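*Asks:* Here's my sequence, what's the structure:
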Amino acid sequence: MRFQIPLLQRYVFAEVLRIFTFVVLCLTVLLIFVGVFQQASQSGLGPMQLIRILPYIVPSLLPFTIPAALLLTVSIVYGRLAGDLEITAAKAAGISVSSLLWPSFVIGAALSAFSLILIDQAIPWAVGNIQRTVVEAMEEIVLDRLRTERQFGDRRSGLHVTVESVEGRVLKRPVFQYQRGDSQAATMWADEATIRLDPENDEILVTLSRGTIELPNRQKIYINREETRRIGWRSSKNETQPRHLPIRQINRELDAVALERTRADERMAIEAAFAMTQGKFETLIDPKSRRKRLLADIDERTDRMHTEIHSRYAMACSCLFFVLVGAPLAVLKAKARFLTSFLYCFVPITTGYYPLVLGMMAQSKKGHVDPMWAMWIGNAALAFAGYLLLRRVLRH
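*Replies:* Got it, this is the predicted structure:
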C-alpha cells in the first residue's frame with residue numbers, strides 16, 4: 001500500500017520548508033559578510049581572494065544558522081496557525097494537535113542529520129580550503145610588499161626580508177634574517193631566491209641560488225647551486241585542532257594516542273623500577289618530571305578529542321530539541337506575535353542553553369566530567385521543557 005501524507009500535514013510541511021529556506025538564506029548572507037570581513041582583516045586578503053573563499057565559508061556557517069533559523073520558522077508557522085484559529089478548527093474537526101506538530105519534528109530530525117554531516121565533513125573540508133587559499137594569498141601579499149617596499153617582516157616567525165628588486169616571483173639580491181625567540185639571528189643572502197609557503201608543515205621554503213648562510217655561531221655555509229632551506233613561519237608548531245578533523249580521523253588519532261599512552265606507561269614503569277633500585281625515590285613523586293608531563297599532555301589530547309566527538313552529535317541534534325520547545329510554545333502564545341514566541345525561546349537558549357553547553361565543554365576538555373553525558377545536558381533540559389509544553393498543548 002502506498003504511503004501518502006494527508007493534505008493538512010503537507011500544508012504544514014510546505015509552510016515550514018518555505019519559511020525556513022528564506023530565513024536560513026537571510027541569516028547565512030548576514031553572517032557571510034561578518035565572516036568574510038573578519039577573515040579579510042586578519043589575513044589582509046584582497047577582493048579576488050575574498051571571492052575565492054566565499055564557497056567555503058557558507059558550509060562552515062550553516063551548522064550555526066540552521067538551529068536559529070528553524071526555531072524562528074516554527075515560531076512563525078505555528079504562531080500564525082494558532083493565531084488564525086486554524087489549530088482550533090482542526091481540533092473541532094477531530095484532528096489532534098500532535099498530527100500538526102509531527103511535520104516540524106520530522107524536519108528537525110532531518111536537519112539534525114544534515115547538520116551532523118556538515119559539522120563532520122563540510123567544515124573540515126571548508127577550513128582546509130580556506131587555509132590553503134589564505135596561504136596562497138599570503139605569498140602574493142609578501143611578493144607585492146617586496147615589490148613596493150623592498151622589505152617584509154613577520155614577527156610570528158622572526159623573519160625579515162630585504163631585496164634589491166623582484167622580477168616575477170624571483171627575488172634579486174635578497175637578504176633573509178631569521179631569529180627564533182631570544183636566540184641570535186641567522187642571515188642568508190644570495191644572488192637570487194624564491195619563497196613558497198608550505199601550509200601543511202607551517203614553514204617557509206626559501207630556495208637560494210649562489211648565496212651564503214651565516215649561522216648564529218658565525219659559521220658560514222657557501223651555496224654554489226640552488227639549495228632550499230625551511231623556516232618555521234609560526235612561533236610554534238601548532239597541532240591540528242580536533243574541530244578541523246572528521247570523526248573517522250579523530251577516532252584514528254584516539255587509537256594512536258592510546259597506543260602512545262600504553263608505551264609511555266610501560267616506559268614510566270621501567271623508569272620507576274630503576275629509580276627504586278637506585279634509591280632515587282624523589283623522582284617517583286616529582287609532578288614536573290618529563291614522563292608525567294607527557295602523560296598529562298596525552299590525557300589532555302584524549303579529553304579534547306572525546307569532547308569534540310560527543311559535542312558534534314549533541315550540537316547537531318539541537319535542531320530537533322529546538323523544535324520540541326519552539327513549536328508547542330508558539331501554539332500556546334497564539335495571541336502574541338511570532339517574534340514574541342521566538343524571543344521566549346531564544347532568550348533562555350542564549351542565556352542558559354549555550355552557556356551550559358560551553359561550560360560543560362570546557363570542563364570535559366579538562367577531563368573533569370565525562371563528555372558522554374556532559375555534552376547532552378543542554379539537550380536534556382530542552383527535551384524536558386519541550387515535554388512540559390507539549391503536554392500542556394495536548395491537554396488544552
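*Asks:* confidence score at L356?
*Replies:* pLDDT for L356: 90.
*Asks:* and what of H396?
*Replies:* 68.
*Asks:* What of I117?
*Replies:* pLDDT, I117: 91.
*Asks:* any idea how far it is from R169?
*Replies:* If you measure I117 against R169 using CB to CB, to the nearest Å, the figure is 40 Å. C-beta here means a position set from N, CA and C on the backbone, and glycine is covered the same way.
*Asks:* Please name the residues that touch the closest residue to L324 other than its chain neighbours.
*Replies:* Counting by CB to CB, 6 or more residues apart in numbering, L324 lies nearest to G386, which is 3.1 Å off, once chain neighbours are set aside. Applying CB atoms under 8 Å, 6 or more residues apart in numbering to G386 gives the contacts 321, 324-325, 328.
*Asks:* now, which of those residues sits nearest S364?
*Replies:* Of all those, S364 sits closest to F321, with 19.1 Å by CB to CB.
*Asks:* what's G128 in contact with, if anything?
*Replies:* So G128 contacts H244 (CB under 8 Å, 6+ apart).
*Asks:* Please, which helix or strand holds it?
*Replies:* In the assignment (DSSP states H and E), G128 maps to helix 123-149.
*Asks:* Could you chop this structure up by domain?
*Replies:* 7-136+302-395, 157-232 (automatic domain parsing).
*Asks:* what's the most buried one of those domains?
*Replies:* domain 7-136+302-395 (a mean of 18; mean count of other CB atoms under 10 Å).
*Asks:* what distance separates that domain from the middle of the whole chain?
*Replies:* Remark: domain 7-136+302-395 is offset 16 Å from the chain centroid, using CA atoms, centre = their mean, to the nearest Å.
*Asks:* And for stretch 208-220?
*Replies:* 41 Å.
*Asks:* in this protein, which spans are strands?
*Replies:* Secondary structure of the chain, counting by DSSP state E: strands at 151-154, 159-162, 165-167, 170-172, 175-178, 186-198, 203-214, 220-223, 227-232.
*Asks:* how about TSV for the ones you listed, with distance to L71 and mean pLDDT added?
*Replies:* Shown next, in TSV, are the strands of the chain (distance: least, CB to CB, whole Å; pLDDT from 0 to 100):
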stretch	distance to L71	mean pLDDT
strand 151-154	44	78
strand 159-162	48	82
strand 165-167	53	83
strand 170-172	54	85
strand 175-178	52	82
strand 186-198	42	81
strand 203-214	45	80
strand 220-223	63	78
strand 227-232	45	76
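*Asks:* Okay, now the unreliable bits of the stretch 51-200 of the chain?
*Replies:* 136, 156-157, 180-184, 199-200 (pLDDT under 70).
*Asks:* ok, 90 please
*Replies:* Applying pLDDT under 90 to the stretch 51-200 of the chain flags the ranges 51-65, 68, 72, 75-100, 118-200.
*Asks:* List just the one of the strands of the chain that sits closest to G108.
*Replies:* When these are compared by CB to CB, strand 186-198 sits nearest G108, at 43.2 Å.
*Asks:* for this structure, what's the longest helix?
*Replies:* helix 290-332 (DSSP state H).
*Asks:* by contact count, what packs against that helix?
*Replies:* helix 47-83, helix 97-117, helix 247-278, helix 338-348, helix 354-365, helix 371-374, helix 377-395 (3 or more CB pairs under 8 Å, 6 or more residues apart in numbering; DSSP states H and E).
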